[in-house]
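**Student:** Sharing a model prediction with you, sequence too.
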Amino acid sequence: MSISNPPCPRCEDGVATLLATSPVPGVWQVFQCGTCLYTWRSTEPARRTERASYPAEFRMTRADIENAPQVPAVPPLRGRP
Ligand SMILES: [Zn+2]
């Protein structure tokens, strides 16, 4: 893939930025979506790199992201038994 800012495979309006490139030029690139933070390497299969092939059950909308529950806090340690 040679596109510098591909659309995000996971969320509907995310655009990726180039995060890293292969040490050997032109072999692979790593992209990250600025909206949902999904990150992928250009050489991964279509189900991980192209929106049309990304599994429907894992796709996200902006509303999904904004309404995502917060990660629960780690509870205090229980006392020793
Ligand atoms: Zn995204």
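**Tutor:** Yep, that arrived.
**Student:** Going by C-alpha atoms from here, please, whenever you check contacts or count neighbours.
**Tutor:** Will do.
**Student:** So what touches the helix or strand bottoming out on mean pLDDT in the chain?
**Tutor:** Least confident helix or strand, the chain: helix 62-66 with a mean of 89, by mean pLDDT, DSSP states H and E. For helix 62-66, contacts defined as CA atoms under 8 Å, 6 or more residues apart in numbering pick out 11, 12, 13, 36.
**Student:** Now find how far off-centre it is within its chain.
**Tutor:** How far helix 62-66 lies from its chain's middle: 14 Å, per CA atoms, centre = their mean, to the nearest Å.
**Student:** hang on, the earlier thing: got a PyMOL select line for the buried ones in the contacts of helix 62-66?
**Tutor:** Command for PyMOL that selects the buried part of the contacts of helix 62-66, burial taken from 16 or more other CA atoms under 10 Å:
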select buried, resi 11+13+36
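**Student:** pLDDT score for residue 56?
**Tutor:** pLDDT recorded at residue 56 is 95.
**Student:** how many other residues sit next to it?
**Tutor:** Other residues near residue 56 come to 10 when the count uses other CA atoms under 10 Å.
**Student:** Who are the contact partners of it?
**Tutor:** Counting by CA under 8 Å, 6+ apart, residue 56 has no contacts.
**Student:** Quick check: phi and psi on it?
**Tutor:** With angles defined as degrees, to the nearest 10, residue 56 sits at phi -60, psi -40.
**Student:** next one: residue 22
**Tutor:** phi -70, psi 150.
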